[in-house]
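1. Have a look at this fold, sequence not included:
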């Protein structure tokens, strides 16, 4: 049965650079103990005849086929742009980049 002490919680808090009070040490020790017991229970239940899985239900590819379809032409797209230059969208310079 897993058990975590106040000293271990204090050590973990120091490693994580967390400032915890004495009351929090007691609270966290109890909470971490419950977590460790739950993990141990799951470890006890797992058996060798059950294959590991990553999902509870089988997955299939949900993507559609990549099919070329007609779309708007460059001039039609740029006609709706606030500014265009040399066949591209013109946007304001950012972060002081040099041209």
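-> Sure thing, it's come through. Keep in mind that what you see is a predicted model, and the values were worked out from it rather than measured.
2. residues in contact with the lowest-mean-pLDDT helix or strand in the chain?
-> Here the helix or strand of the chain ranked lowest by mean pLDDT, DSSP states H and E is helix 22-45, holding a mean of 89. Helix 22-45 is contacted from outside by 1, 2, 3, 4, 5, 6, 8, 9, 10, 13, 20, using CB atoms under 8 Å, 6 or more residues apart in numbering. Heads up, the C-betas are built off the backbone N, CA and C, glycines and all.
3. Which of those scores worst on pLDDT?
-> Least confident entry in those, by pLDDT: residue 1, with 50.
4. All the helices of this protein, in order from the start?
-> Using DSSP state H, the helices of the chain run over 6-15, 22-45, 74-79.
5. Could you pull out the buried residues of the shortest one?
-> Judged by neighbour count using 16 or more other CB atoms under 10 Å, the buried positions of helix 74-79 are residue 78.
6. what's the spacing between the spatially most central residue of the chain and residue 38?
-> Most central in the chain under CA atoms, centre = their mean is residue 54, positioned 16.0 Å from the mean C-alpha point. According to CB to CB, to the nearest Å, residue 54 stands 20 Å off from residue 38.
7. Residue 57 now?
-> For residue 57, the distance to residue 38 - CB to CB - is 24 Å.
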